[in-house]
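Asker: give the three-dimensional model of this entry:
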Amino acid sequence: MSDDKRIDDDWKKRAFEEKQKLASQMGGIVEETADSTDSAERAPIESDPRFPGLVQQIAYPALMALGQIPDPRTGERMLDLNLARDTIDLLGVLDAKTEGNLSKEEDEMIKNLLRDLHVAYTQVAAAENQAAMDSEADSPSE
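Answerer: Predicted structure coming up:
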């Protein structure tokens, strides 16, 4: 078993060296993986200017589904808790899969947005449930 670990480490080392060689030929720098350096020594990750747009593009349907913003096609507000929940879950997947690969600002942005969407979803769902219970109480029972 330890022989397998050694082979795996050797392979990782050779792959990293090959990446460095290719990067130096192309004038770039290869970031080291967590296996090859302490996280305290790693350079901070730079923000990608496209990331906020990606997050907003995914979050937009959740905001529409929660009635926070009107549908741009109709100008009407809608309520679709299933769409909102699915979209919020999709953002959660993006957050989980990019963990450790985002700049501090990007990480804070997605976490704050997720928190705000969870709060909005909870409030809208509670109001919807209360409205349904009030409607049942007002209708005559047969």
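
Asker: and Ala131, what element?
Answerer: Element membership for Ala131, per DSSP states H and E: helix 104-138.

Asker: what packs against that helix?
Answerer: Counting contacts by 3 or more Cβ pairs under 8 Å, 6 or more residues apart in numbering; DSSP states H and E, helix 104-138 packs against helix 51-65, helix 81-97. The C-beta positions use only the backbone N, C-alpha and C, and glycine is treated the same way.

Asker: and the ones you listed as TSV, adding mean pLDDT, distance to Asn129 and mean neighbour count?
Answerer: Below are the helices and strands packed on helix 104-138 laid out as TSV (pLDDT from 0 to 100; distance: least, Cβ to Cβ, whole Å; neighbours: other Cβ atoms under 10 Å):
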stretch	mean pLDDT	distance to Asn129	mean neighbour count
helix 51-65	95	16	17
helix 81-97	96	10	15
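
Asker: Serialize these to JSON lines and add fields for distance to Ser135.
Answerer: Below are the helices and strands packed on helix 104-138 laid out as JSON lines (distance: least, Cβ to Cβ, whole Å):
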{"stretch": "helix 51-65", "distance to Ser135": "21"}
{"stretch": "helix 81-97", "distance to Ser135": "16"}
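
Asker: can you tell me which of those is nearest to Ile45?
Answerer: helix 51-65 (10.7 Å; Cβ to Cβ).

Asker: residue contacts, the closest residue to Asn101 other than its chain neighbours?
Answerer: Once flanking residues are discounted, Asn101 sits nearest to Ile45: 6.6 Å by Cβ to Cβ, 6 or more residues apart in numbering. By Cβ atoms under 8 Å, 6 or more residues apart in numbering, the contact set of Ile45 is Asn101, Leu102, Ser103.
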